[in-house]
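Undergrad: could you look at this predicted model? Sequence included:
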Amino acid sequence: AQSVTQLGSHVSVSEGALVLLRCNYSSSVPPYLFWYVQYPNQGLQLLLKYTTGATLVKGINGFEAEFKKSETSFHLTKPSAHMSDAAEYFCAVVRIQGAQKLVFGQGTRLTINP
Amino acid sequence: DTGVSQNPRHKITKRGQNVTFRCDPISEHNRLYWYRQTLGQGPEFLTYFQNEAQLEKSRLLSDRFSAERPKGSFSTLEIQRTEQGDSAMYLCASSTGQEPFYGYTFGSGTRLTVV
């Protein structure tokens, strides 16, 4: 079975500061990992994904994440926060065989202070 | 193709009424998924289709819920005798179902409020 834990349901940073959203996963098989962003009353938009290969992956809007197998982590970072980054962020894991169901963490709400 | 489309965007219904939501996936995507998201939580898997076949249903999908994808294109999710606990965002997503797996494309969701 696979699961995701996002540490911190709320994160608040100042505009221009580093954003760090934490995600740890559990998977019995090599995982595919995703970060999605959700703005109020909207669906989920893919930020970035790790499948195979390079462990540092870059996504949209200046976000990146690093897959660390030894730490079972896939933390999301952005060097300099912008007001438009305020949203809910979800980490997810999938087993690519079979149903390919995404299993989501509970989410982290990111607030940007001016 | 403009992505995954869900209708309606919002639905307010009285407890005990039936509701139906529609999802139009990306046309070349064989797989279609339904997820439910309650306030402050991540989306939870409900069911998925490979073409017109419904291949898996979550235990979250009680007998009051039924989903169809009659011609392997659009899908409907019906909730009978709605309860206040059904209030949630219902998300539809589609994918090719093939490897390499690049993830889903999600629709904007249907927000259901049961009063």
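TA: Sure, I can see it.

Undergrad: what residue is smack in the middle of the chain?
TA: Since you didn't name a chain, this refers to chain A. Central residue of chain A (C-alpha atoms, centre = their mean): residue A:35, 3.3 Å from the mean position.

Undergrad: meant chain B, my bad for not saying
TA: Closest residue to the average C-alpha location of chain B: residue B:34 at 3.2 Å, with C-alpha atoms, centre = their mean.

Undergrad: ok, residue B:2 - how many residues close by?
TA: Using other C-beta atoms under 10 Å in any protein chain shown, residue B:2 is surrounded by 6 other residues. No exception for glycine: its C-beta is placed from N, CA and C like everyone else's.

Undergrad: contact partners for it?
TA: By C-beta atoms under 8 Å, 6 or more residues apart in numbering or on different chains, the contact list for residue B:2 is empty.

Undergrad: any idea how far residue B:102 is from it?
TA: Remark: distance between residue B:2 and residue B:102 (C-beta to C-beta, to the nearest Å) = 18 Å.

Undergrad: what do you get for residue B:35?
TA: The spacing between residue B:35 and residue B:102, counted by C-beta to C-beta, is 18 Å.

Undergrad: ok, residue A:34 next?
TA: 10 Å.

Undergrad: name the residues contacting each of these two.
TA: The contact sets of residue A:34 and residue B:102 overlap at residue A:49 (C-beta under 8 Å, 6+ apart).

Undergrad: the two: who's more crowded?
TA: Remark: of residue A:34 and residue B:102, residue A:34 carries more neighbours, 28 against 14, as counted by other C-beta under 10 Å.

Undergrad: what's across from that one in the sheet?
TA: Beta bridges link residue A:34 to residue A:49, residue A:92, judged by DSSP bridges.

Undergrad: that one contacts residue B:103, doesn't it?
TA: Yes: contact criterion C-beta atoms under 8 Å: residue A:34 and residue B:103 qualify, at 5.6 Å.

Undergrad: anything in contact with each of those two?
TA: Common contact partners of residue A:34 and residue B:103 (C-beta under 8 Å, 6+ apart): A:46, A:49, A:94, A:102.

Undergrad: just the ones of those residues in strands?
TA: Among these, the residues falling in strands (DSSP state E) are A:46, A:49, A:94, A:102.

Undergrad: which of those residues has the largest number of neighbours?
TA: The most crowded member of those, judged by other C-beta under 10 Å, is residue A:102 (27 neighbours).

Undergrad: where in the chain is pLDDT low?
TA: You didn't pick a chain, so chain A it is. Applying pLDDT under 70 to chain A flags no residue at all.

Undergrad: I was thinking of chain B, sorry if that wasn't clear
TA: Per-residue confidence for chain B (pLDDT under 70) gives these ranges: B:1.

Undergrad: recalculate using a threshold of 80.
TA: For chain B, applying pLDDT under 80 flags the ranges B:1-2, B:97-102.
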